[in-house]
Each structure stands twice: as structure tokens, then as C-alpha cells.
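Colleague: I would like the atomic coordinates for the input below:
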Amino acid sequence: HDIPIVAFVDSDMMMGMPKALAAATGMDAMTHAIEGFITKGAWEMTDMLHIKAIEIIGRSLRASVNGDQTGREEMALGQYIAGMGFSNVGLGLVHGMAHPLSAWYNIPHGVACASLLPTVMKYNKDFTTEKYREIAIALGLEGAEAMSIEGVRDAACEAIDQLSKDVGIPATISELGVKAEDIPHIAQDAFKDVCTPGNPRDASVEEIIALYQSLM
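Modeller: Here you go, the predicted structure:
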């Protein structure tokens, strides 16, 4: 009951956002684009949307977080394109694991996604064919076309990790108040989340627990 009929996408309305909110929502949009690109349901039309969104967000998020008008305008476009894509094919384990973090600890959704994204990207990398190369190229990584598949997958993960750090997202979930004793219960919620089955790599509860623990 909360899906909008009309969206007003206007960067002027975004200019009052503080840096932390611009970073959180921007990294959420990047997560939409990457997860939508590699989800099991992805296909040619949504791939076109998601790879363009990754390109736009990758080049504009830092400027947007610093309050640049053009950066905010590009982010408005990038997040909208990402939404056009993932709303047709779903998401994956980052969102599956982020939702319970927000439910349990009131962590802003975009912060939860961003703190998880690089680690889950690494977990998924062997199940993504050549898509991480396309992500690396969209992010403008030099030499991405010629890298080995393992090299380019690692480079794409590292680039997203660096972007997250550059805009001030915490690198660990312990910084967000997550308690180690809660992780087995949170992992059960993540396993049952509607987004988790779309992940390109099937994850067990035990693997989800290990992913959370690696971020403490």
C-alpha cells in the first residue's frame, strides 16, 4: 500500500539533505543497481538500466554527499533508473541481511546496505559470470577490460568498498550497535527475507551468520 503512483524527482528538493543522509540513500541506490544487476531474475532490459545506474552513481555520489548541485541532480537520475530496474527483477542478500539490521537496531536502511555490500559482493563473486567486469568498467576502473576474471571481480569489490568509505559509511556492523549474541536470530530473519532468494548464490543460515560475524 505504499507504492507511489507518481514520483517527483527534483534535485532542488534534495539540496537540504545532510551529508549522512545523502551518503546513506546514495549507497542504497548503488546497492539497488548492483543487486538488481546480478540477481537471479536479471535480464537484458534490466541489465541496461542497472549498469547505467552504476555508472551514474559511481561518478556522482561523492560530489552529491559534498552538497554539489550537479552531483545531487545526477544522483536523482541514477537512483530513479536503478529503481526502474530492480522493481522488475528483485534484489538479493544485501537487502535480505540489511532489513533485519534496521528492524532490530533502527539502523538507517542505506547505512545497513552499504556496510554489507562489499562483503556480500565478495561472497557472490564466483556466481556472477562476467558481470563484475561490466561493473568495473562502469565505475571507470583502468584496465578492467584486460584483467583476469578473478582480478576484475576483486577490483569491483574494492572500488565499492572504497566508495562506501569515502562517503563515511561505517566499515563494521559493530559500529552500528549490532550485538554478537543477536546474530543467530538476525540471520534467521535474513534467511527468511523476501529478497534473499534472488541472490545469485544460495546462502544457508550458517553462511549468513558467518557473513555477519565477519563484519563485527
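
Colleague: what does the spatially most central residue of the chain show for phi and psi?
Modeller: The residue lying closest to the centre of the chain (CA atoms, centre = their mean) is residue 31, at 1.7 Å. Backbone torsions for residue 31, taken as degrees, to the nearest 10, come to phi -60, psi -40.

Colleague: give me the pLDDT for it.
Modeller: pLDDT, residue 31: 98.

Colleague: need the contact list for it.
Modeller: Counting by CB atoms under 8 Å, 6 or more residues apart in numbering, residue 31 touches 91, 94-95, 98, 110, 113-114, 117. (Glycine included, C-beta is placed from N, CA and C.)

Colleague: excluding chain neighbours, what is closest to residue 189?
Modeller: Nearest residue to residue 189, sequence neighbours excluded (CB to CB, 6 or more residues apart in numbering): residue 100, at 3.8 Å.

Colleague: show the contacting residues for that neighbour.
Modeller: Residue 100 neighbours (CB under 8 Å, 6+ apart): 186, 189-190, 193.

Colleague: any chance of the residues you listed in TSV, plus neighbour count and pLDDT?
Modeller: Putting the contacts of residue 100 into TSV (neighbours: other CB atoms under 10 Å; pLDDT from 0 to 100) gives the following:
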residue	neighbour count	pLDDT
186	22	98
189	17	98
190	27	98
193	20	98
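
Colleague: inside strands: which ones of these?
Modeller: For the contacts of residue 100, not one is inside strands, with DSSP state E as the criterion.

Colleague: and those residues, which of them are in helices?
Modeller: 186, 189-190 (DSSP state H).

Colleague: ok, the residues you listed vs residue 83, which is closest?
Modeller: residue 190 (22.5 Å; CB to CB).

Colleague: distance of the closest one relative to residue 11?
Modeller: 34 Å (CB to CB, to the nearest Å).

Colleague: what of residue 208?
Modeller: Separation of residue 208 from residue 11 (CB to CB): 37 Å.

Colleague: who has more neighbours out of those two?
Modeller: Neighbours were counted for residue 208 and for residue 11 using other CB atoms under 10 Å; residue 208 has more, 26 against 16.

Colleague: what average pLDDT does stretch 171-180 get?
Modeller: Stretch 171-180 shows a mean pLDDT of 94.

Colleague: list the buried ones in that stretch?
Modeller: Buried residues in stretch 171-180, counted by 16 or more other CB atoms under 10 Å: 173, 176, 178.

Colleague: in the chain, which helix or strand is least confident?
Modeller: The least trusted helix or strand in the chain, going by mean pLDDT, DSSP states H and E, turns out to be helix 11-14, with a mean of 89.

Colleague: show me what it is packed up against.
Modeller: helix 69-89 (3 or more CB pairs under 8 Å, 6 or more residues apart in numbering; DSSP states H and E).

Colleague: what packs against the helix it packs on?
Modeller: If you count contacts as 3+ CB pairs under 8 Å, 6+ apart, helix 69-89 packs onto helix 11-14, helix 19-38, helix 44-65.

Colleague: now do it and helix 44-65, the angle between them.
Modeller: Orientation check (axes from the mean of the first three to the mean of the last three CA atoms, to 10 degrees): helix 69-89 against helix 44-65 gives 150 degrees.
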